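> here you go, sequence then predicted model.
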Amino acid sequence: MTKKVNSPFNYKRLAKDVSAKRTAEGMSLREFGRTAEIALSSVYKVEAGESTLDLHTIIQVCNWLAVPVQDYLTTKPTKRANKNKG
């Protein structure tokens, strides 16, 4: 049994946004891969909302969408305590 890991990245929302833009522009999966500069195998993973995407693919897709990667983070970073404070 595989354990599900909670990711701070919203892969399903990325998939939805890619599909919506690609469809609105009448673009095939291959055309999307070519314009986003990602492999066809990654294109299928993106559209399926799979959480096995590497960082390079995520960045390329976000650039294609013209949306910052941070917009797909589901949690805010926590502040670290400054240990050097006296």
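Done, it's in.
> how about Thr74, what does it touch?
By Cβ atoms under 8 Å, 6 or more residues apart in numbering, the residues touching Thr74 are 7-10. Yep, even glycine has a C-beta here, placed from its N, CA and C like the rest.
> so where's the protein shaky on pLDDT?
Scanning the chain for pLDDT under 70 picks out 1-5, 76-86.
> which residues touch the one residue sitting closest to the centre of it?
The C-alpha lying nearest the average C-alpha coordinate of the chain belongs to Ile58 (Cα atoms, centre = their mean; 4.2 Å). By Cβ under 8 Å, 6+ apart, the contact set of Ile58 is 9, 14, 69, 72.
> swap in 7 Å and give it another go.
Val69 (Cβ atoms under 7 Å, 6 or more residues apart in numbering).
> report the secondary structure state of it.
helix (DSSP: H, G, I helix; E, B strand; the rest coil).
> look up how far Glu50 lies from it.
Distance of Ile58 to Glu50, given as Cβ to Cβ, to the nearest Å: 11 Å.
> what's the burial count for Tyr11?
19 (other Cβ atoms under 10 Å).
> for the residue nearest to Ile59 when sequence neighbours are not counted, give me phi and psi.
The shortest distance from Ile59 to any non-neighbouring residue, by Cβ to Cβ, 6 or more residues apart in numbering, is to Val69 (6.3 Å). Dihedral pair for Val69: phi -50, psi -40, per degrees, to the nearest 10.
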